[in-house]
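Trainee: give me coordinates for this.
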Amino acid sequence: MGCLLQRALAIYKPTQQCIEILRELVNSAKTHGVHVEVYTVDDASSFAEKARLLNEPVDIIFSIGGDGTFLRASRFSLLYDNTLVFPYPCGRRNVFYEFVQAPIGELVERVLNGDYFIELYPAFSVRAGTKSELFINEITVVNNNLGKVAKYSVKIKSPLLNTAFTLEGDGLLVSTSAGSSGYNLSARGPLASTFLDSIVITPLNPLQLGFPPLVLPRTSVVEITILNPSTVYIDGDYFGSFGKNIVISVIASSRYVKVIRFSPSKDLVRAVLASRTHI
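Mentor: I've put the predicted structure just below:
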C-alpha cells in the first residue's frame, strides 16, 4: 500500500526518553516521505493559533508523553477534519495510551499499512458569553475565593430528564466518560467506561453532605450559573474568569477525536489504578 500521509505533527514531553522516541519517529517517517513538525507540549499552544490562521492540512498528530500531552494533541486534532491521533506512552500518567512494547518505528509501519483500529472520543462544547471551546476530558469550575463557600445554580435538560438545583462548595466538574479517570476520580467521582456515552457532574467539596456525582446521558444540556466569581479550566487549560450570573453551558458536539489503537480493547481499570498506585 502506498503512503497516504504527507504532513504530520509530533507533540512531545521534553524529557530525554521522549526525545529519543521522537528522534526514532522522525527518522522512520522521513524514510516514507512524511514530513514531521515537532512541538513540545508547552510550545504547542503557539501552533494552535498558527493553525487557526493558516488552516494548513495535517494528516496525523503524534502524541509522545503522558495524558497531558495526549489532551493537548487531541484538542489540536479538532482543528482539522479527520486527523488521526497516534499516542505513544512516555509519561507518568498514561491512561489514554495503550501498553506497547514495540518500537515506535514498527508501529508507524503498521499505520502506513492500515493495520490499526480507531477509537472515537466524543468532544463536548462549553460556552460562556461570547467564548466557546471544545473539550474531551473535563471542564473545571472553581471558586476564586477558596476561603469562602461559593454557590452555583445548575440546570440539566435532556429528553427524559429536567432538573435544577443549587450547589454550594468549592466548585464542580463536568467530565466526559474518557475524562472520568482524571480529576473526577480524585474528587470521588465514578470511573466510567469510554464506551459509555455519558457525562458526569461531580461537586468539589460540597457543603451539602452526601451530595452525589451525577451520571447523565450525552444528550444532556448542562447550564451552570455562577453566583460567585469563578475560574473555568478546559482539559487543564485556562478558559476564563467570570463574574456573577454568567452562564456556563455544556453540550455535546458532533465532533470526535479519532485515536489510533493496535488492540480492539484494553483493561481500563488496571490502566487507571496502575498509574495511581505509585508515588
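Trainee: helix/strand/coil for residue 21?
Mentor: Counting by DSSP: H, G, I helix; E, B strand; the rest coil, the backbone at residue 21 sits in helix.
Trainee: swap that for residue 110, please
Mentor: Judged by three-state DSSP, the three-state class of residue 110 is helix.
Trainee: try residue 203
Mentor: What three-state DSSP gives for residue 203 is strand.
Trainee: so what pairs up with it in the strands?
Mentor: residue 172 (DSSP bridges).
Trainee: wait, it touches residue 169, no?
Mentor: Yes. Counting by C-beta atoms under 8 Å, residue 169 is a contact partner of residue 203 at 5.3 Å. (Each C-beta comes from the backbone N, C-alpha and C, glycine too.)
Trainee: common neighbours of these two, please.
Mentor: residue 211 (C-beta atoms under 8 Å, 6 or more residues apart in numbering).
Trainee: excluding chain neighbours, what is closest to residue 25?
Mentor: In this structure, residue 25 finds its nearest non-sequential neighbour in residue 104, 5.1 Å apart by C-beta to C-beta, 6 or more residues apart in numbering.
Trainee: quick check: the gap between that neighbour and residue 56.
Mentor: 24 Å (C-beta to C-beta, to the nearest Å).
Trainee: now residue 71. Its backbone dihedrals?
Mentor: The phi/psi pair for residue 71 (degrees, to the nearest 10) reads phi -60, psi -40.
Trainee: ugh, wrong one, residue 31
Mentor: Dihedral pair for residue 31: phi -70, psi -20, per degrees, to the nearest 10.
Trainee: who's in contact with it?
Mentor: Contacts of residue 31 by C-beta under 8 Å, 6+ apart: none found.
Trainee: any idea how far it lies from residue 7?
Mentor: From residue 31 across to residue 7, the span is 16 Å (C-beta to C-beta).
Trainee: residue 86 too?
Mentor: From residue 86 across to residue 7, the span is 14 Å (C-beta to C-beta).
Trainee: could you check which of these two has the larger neighbour count?
Mentor: residue 86 (21 against 13; other C-beta atoms under 10 Å).
Trainee: so the more buried one versus residue 57, what's the distance?
Mentor: 16 Å.
Trainee: looking at residue 203 and residue 169, which one has more neighbours?
Mentor: residue 203 (23 against 18).
Trainee: return the residues in contact with the more buried one.
Mentor: 167, 169, 171-172, 187, 211, 213.
Trainee: in strands only, show me the residues you listed.
Mentor: 167, 169, 171-172 (DSSP state E).
Trainee: name the member of those residues with the most neighbours.
Mentor: Most surrounded of the ones in strands among the contacts of residue 203: other C-beta under 10 Å gives residue 172, at 28 neighbours.
Trainee: which parts of this structure are helices?
Mentor: Ranges of helices in the chain, per DSSP state H, are 16-31, 44-54, 67-77, 104-112, 183-186, 268-274.
Trainee: least reliable of those helices going by mean pLDDT?
Mentor: Of all those, helix 44-54 carries the lowest average pLDDT, namely a mean of 58.
Trainee: can you pull the buried residues of stretch 255-270?
Mentor: The neighbour-count check on stretch 255-270 (16 or more other C-beta atoms under 10 Å) flags 256-257, 259-260, 268 as buried.
Trainee: is it true that residue 119 touches residue 263?
Mentor: No. Applying C-beta under 8 Å, one finds residue 119 not in contact with residue 263, separated by 10.0 Å.
Trainee: gap between residue 227 and residue 205?
Mentor: Counting by C-beta to C-beta, the gap from residue 227 to residue 205 is 16 Å.
Trainee: would you map the strands across the stretch 101-250 of the chain?
Mentor: Along the stretch 101-250 of the chain, the segments classed as strands by DSSP state E, counting those that start in this stretch run 117-128, 131-135, 138-143, 150-158, 161-169, 171-176, 198-204, 214-217, 221-226, 230-234, 237-242, 247-261.
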